[in-house]
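Peer 1: Model the following, please.
(chains A, B, C, D, E and F)
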Number of protein chains: 4
Amino acid sequence: MSKSATARTRDPERTREKLLEAAMIEFATHGLTGAKVERIARRAGVNKRLVYHYFKGKEQLYGDVLERTYQQIHRREDAINLDARAPEQALADLIDRLFERIIALPHANAVIADENLHQARHIKTAPWVKDMHARLIAQIETMLNAGSATGVFRPDIDPVRFFISVLGLCLTYVTNRYTMSVVFSRDLFSPEEREGWKRHVLDLCLNGLRPVSAEAPRQNA
Amino acid sequence: MSKSATARTRDPERTREKLLEAAMIEFATHGLTGAKVERIARRAGVNKRLVYHYFKGKEQLYGDVLERTYQQIHRREDAINLDARAPEQALADLIDRLFERIIALPHANAVIADENLHQARHIKTAPWVKDMHARLIAQIETMLNAGSATGVFRPDIDPVRFFISVLGLCLTYVTNRYTMSVVFSRDLFSPEEREGWKRHVLDLCLNGLRPVSAEAPRQNA
Amino acid sequence: MSKSATARTRDPERTREKLLEAAMIEFATHGLTGAKVERIARRAGVNKRLVYHYFKGKEQLYGDVLERTYQQIHRREDAINLDARAPEQALADLIDRLFERIIALPHANAVIADENLHQARHIKTAPWVKDMHARLIAQIETMLNAGSATGVFRPDIDPVRFFISVLGLCLTYVTNRYTMSVVFSRDLFSPEEREGWKRHVLDLCLNGLRPVSAEAPRQNA
Amino acid sequence: MSKSATARTRDPERTREKLLEAAMIEFATHGLTGAKVERIARRAGVNKRLVYHYFKGKEQLYGDVLERTYQQIHRREDAINLDARAPEQALADLIDRLFERIIALPHANAVIADENLHQARHIKTAPWVKDMHARLIAQIETMLNAGSATGVFRPDIDPVRFFISVLGLCLTYVTNRYTMSVVFSRDLFSPEEREGWKRHVLDLCLNGLRPVSAEAPRQNA
DNA sequence: TATGAATGAGGGTTCATTCAT
DNA sequence: CATGAATGAACCCTCATTCAT
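Peer 2: Down below sits the predicted model:
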């Protein structure tokens, strides 16, 4: 409406967005060092020079991509209304959702894996990181407490550790899919394997929370 | 012994070894693309040219480093004598050992993470990959079957999936330590956290194997 | 004229041209292998990087130089209007012109000599080679036929062979001037020698075409 | 006889010879700059270090190869006994022989072509060059004079120019065979073409020597 | 004599980035 | 806003040559 008729190629917002999107793919596939500015520009369909118009440089663009990446993984809608459900069911939902999202965002995982190569240098001072997961962790804590109260969960489960566990089971599955498929001579990403994995993760995590009953002692001295 | 005291130079075997060692660190810290041949040579204390004397080039050196990496992770001594022990105890030992080894070899993990960036291109056709884990998987299967027979484990646990689970919980902890420490504002690698993590992984994995008893139903509609 | 006086920089067309020119000299003097990209750039007065801006690389630049080289040798104006002249005179003109041109383009000869080292690899698939000499050969054929009709030339002279002969006599003189001058202890490129050579080539070639008359038998058994 | 039984690999003379031979091929195929010392050693079947044992270095080896090259082209047996023959026949024999030899030694031609790239720098001061062709030139001169005396040749033919002419016609045919075959879309080195060429060269050169008779004027004003 | 190890110099090429339009 | 031209730094790799055995 407020745009002129000829403004087809001149859409700064969109150009920036396209660059970010292209950069995310590039960084995910090649890492910060291996990423080429020109490939990013080409994939975004714009001139290489524009990268420097919208971003300060390759490194800053990398930082912006990281922010976008975390936003994608940790969307607001993650909030689960657990009031109406049993803790176990609520946690199962959370795991399911997390698993699906991580599978759906392989680029995001790759970028974060790469950022770890750089010792989290780029997100260390970013303002948006602080308490990014606070709400989710709080939710998990509530669930764990609820389950602990009714005796279905062991007490004293650290919500952060639990979250990282779920994350780890999902991330490794995605991040290491290539080497593992080779090493185990088994296509771990076929639809059946995928479902099997989700089932397995759910079983492991939820079962793993149960209190240790007397008749099934874990260890005996 | 048979070598003279001055034999610091002209020790091809050792030179090659030093290069491999240096390359592993370099590739782990910078990835294949970010790694610099000169840094590798310098760290090995030899002339840059020697890299090409002993290896065909950067990429082939990367492949050799990968082989070495997998060898380090999966040493022969992994074999656990489980005959004398209860399955649970044997599995606990295996998890413990794997955890410690992975913690001890952060470079190895980083290299493998990087190789996944390259879609496992370098190990895909390597002859040493085949059946590398076969023996370990077979052992796990035996343990799982034994536990299943005595009723302490659920039946039908896929040994590969179980192994990947343990691996995933350990790997993520190591690989993503930087970003996670930032995101959760918590130094996940302090000695206490480390012990807490191992404990957590053991609990989760072993508990997760238990059969679902009547009094602790996982889900109710 | 339309360009501002300060337009010395930012003239892509000219830059490319300067690079080609410099490359031709470099390739002629050092061959493909011996040629240094940096020298080419320096001689062209531009940054080394620009070579890769305008050409794909050293080898492709070599190919482009070859095209340019052949164009220089075989310009359009080569066309000789022979209608008005006797065949002998027309041929003499052609030889004269070819000789002068080849003398004037020692670089071109050197480049082609080098390309032969590479077994014509770079021009083999070039589109511009096809029928490059077709017109000239056709002209020569016409001349030879005309002379043959009037009895001044032997019949059945292959125009391609004749052309190669003239070419060979000129090329060798230019290409091998250095070794020959040494071997024969005689500066073959002094102005007098030069004229003597042209005269000699003309005599040899035109005389060589004459029919073998009865009173001057070439061979008798 | 005087050699010990184990001296199979220790034959300095032969090793040197093999190196020279290999070097000639290498220099012919790649030129001085493009030639690799290692390839030479490998082709000779000896260690690279030996190149420096027998020769001072690559460049000096190149010089030695040049000497060998010229020796091959200009062997002593070139001497033609022309006493018994008519000058024309003797010259025809010489051309024939030269043609065959040059065809048979494509490497030699390539090396000399390359030396011209270097402006004959390596042979300029070589002692063996002096008067290398003197005897041959003298012979040709004798033939030309004899023919001139009997009226079958034009007088005042410069023997050096004549020799260079023959050489040029042969050399160009060999040296430029690759580009010419491409440019003229014609395999100039098939057996038939080869014979045709020799015939053509003989015709051209011998006819070209004939005196200009009245009935076949070369030019008319 | 013969050999593998080791080296320093340099060349082609790539890349992130800035200039000029 | 958008673009092609231009640059300097750096990296992988090659090569002729020397060292040590």
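
Peer 1: which stretches of chain A have low pLDDT?
Peer 2: Confidence mapping of chain A against pLDDT under 70 gives the ranges A:1-10, A:76-84, A:213-221.

Peer 1: For it, which residues are neighbours of DNA strand F?
Peer 2: Taking CB under 7 Å from any atom of the strand as the measure of proximity, chain A contacts DNA strand F at A:9, A:10, A:11, A:12, A:15, A:46, A:47, A:48, A:49, A:50, A:53. All C-beta atoms are positioned from the backbone trio N, CA, C, and that covers glycine.

Peer 1: which of the residues you listed are buried?
Peer 2: Among the residues of chain A next to DNA strand F, the ones that count as buried by 16 or more other CB atoms under 10 Å in any protein chain shown are A:15, A:46, A:50.

Peer 1: returning to that earlier point: switch the residues of chain A next to DNA strand F over to JSON lines, and while doing so, append secondary structure to every line.
Peer 2: Rendered in JSON lines, the data for the residues of chain A next to DNA strand F read as follows (DSSP: H, G, I helix; E, B strand; the rest coil):
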{"residue": "A:9", "secondary structure": "coil"}
{"residue": "A:10", "secondary structure": "coil"}
{"residue": "A:11", "secondary structure": "coil"}
{"residue": "A:12", "secondary structure": "helix"}
{"residue": "A:15", "secondary structure": "helix"}
{"residue": "A:46", "secondary structure": "coil"}
{"residue": "A:47", "secondary structure": "coil"}
{"residue": "A:48", "secondary structure": "coil"}
{"residue": "A:49", "secondary structure": "helix"}
{"residue": "A:50", "secondary structure": "helix"}
{"residue": "A:53", "secondary structure": "helix"}
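
Peer 1: from the residues you listed, which is closest to residue B:66?
Peer 2: The shortest gap between residue B:66 and any of those belongs to residue A:48, at 33.7 Å (CB to CB).

Peer 1: quick one: the spatially most central residue of chain A from DNA strand E, how far?
Peer 2: Note on chain A: the residue nearest the mean C-alpha position is residue A:73, at 4.1 Å, using CA atoms, centre = their mean. From residue A:73 over to DNA strand E the distance is 25 Å, taken as CB to the nearest atom of the strand, to the nearest Å.

Peer 1: Can you say which helix or strand has the residue nearest to that residue when sequence neighbours are not counted in it?
Peer 2: The shortest distance from residue A:73 to any non-neighbouring residue, by CB to CB, 6 or more residues apart in numbering or on different chains, is to residue A:108 (5.3 Å). Under the criterion of DSSP states H and E, residue A:108 resides in helix A:106-117.

Peer 1: cool, residue A:23 as well?
Peer 2: Here residue A:23, judged by DSSP H and E, is contained in helix A:12-34.

Peer 1: the inter-axis angle of that helix versus helix A:106-117?
Peer 2: Taking axes from the mean of the first three to the mean of the last three CA atoms, to 10 degrees, one finds that helix A:12-34 is oriented at 50 degrees with respect to helix A:106-117.

Peer 1: ok, whatever helix or strand comes next after helix A:12-34 near DNA strand E or not?
Peer 2: Towards the C-terminus, the helix or strand next in line after helix A:12-34, according to DSSP H and E, is helix A:37-44. Yes - with CB under 7 Å from any atom of the strand as the measure, helix A:37-44 is seen reaching DNA strand E through A:37, A:38.

Peer 1: got the contact list for helix A:37-44?
Peer 2: Counting by CB atoms under 8 Å, 6 or more residues apart in numbering or on different chains, the neighbours of helix A:37-44 from elsewhere in the structure are A:15, A:18-19, A:21-23, A:25-26, A:47-48, A:50-51, A:58, A:61.

Peer 1: still on that earlier bit, any chance of the residues of chain A next to DNA strand F in JSON lines, plus distance to chain D?
Peer 2: Putting those into JSON lines (distance: CB to the nearest CB, whole Å) gives the following:
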{"residue": "A:9", "distance to chain D": "46"}
{"residue": "A:10", "distance to chain D": "51"}
{"residue": "A:11", "distance to chain D": "52"}
{"residue": "A:12", "distance to chain D": "53"}
{"residue": "A:15", "distance to chain D": "48"}
{"residue": "A:46", "distance to chain D": "43"}
{"residue": "A:47", "distance to chain D": "40"}
{"residue": "A:48", "distance to chain D": "36"}
{"residue": "A:49", "distance to chain D": "39"}
{"residue": "A:50", "distance to chain D": "43"}
{"residue": "A:53", "distance to chain D": "45"}
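
Peer 1: hmm, back to that, closest to DNA strand E out of the contacts of helix A:37-44?
Peer 2: residue A:58 (3.6 Å; CB to the nearest atom of the strand).

Peer 1: care to break chain A down by domain?
Peer 2: Chain A resolves into domains spanning A:12-73, A:79-211 when parsed by automatic domain parsing.

Peer 1: Pull up the distance across the shortest one, start to finish.
Peer 2: Length of domain A:12-73, first residue to last, CA to CA, to the nearest Å: 25 Å.

Peer 1: now that domain, how far from the centre of its chain.
Peer 2: Averaged C-alpha coordinates place domain A:12-73 at 19 Å from its chain's average position (CA atoms, centre = their mean, to the nearest Å).

Peer 1: Could you do the last one as well?
Peer 2: The gap between where domain A:79-211 is centred and where its chain is centred comes out at 9 Å by CA atoms, centre = their mean.

Peer 1: Using neighbour counts, pick out the buried residues of whichever helix or strand comes after the helix holding residue A:108.
Peer 2: For helix A:106-117, the succeeding helix or strand toward the C-terminus, using DSSP H and E, is helix A:134-150. Neighbour counts using 16+ other CB under 10 Å place A:136, A:137, A:139, A:140, A:141, A:143, A:144, A:146, A:147, A:148 of helix A:134-150 among the buried residues.
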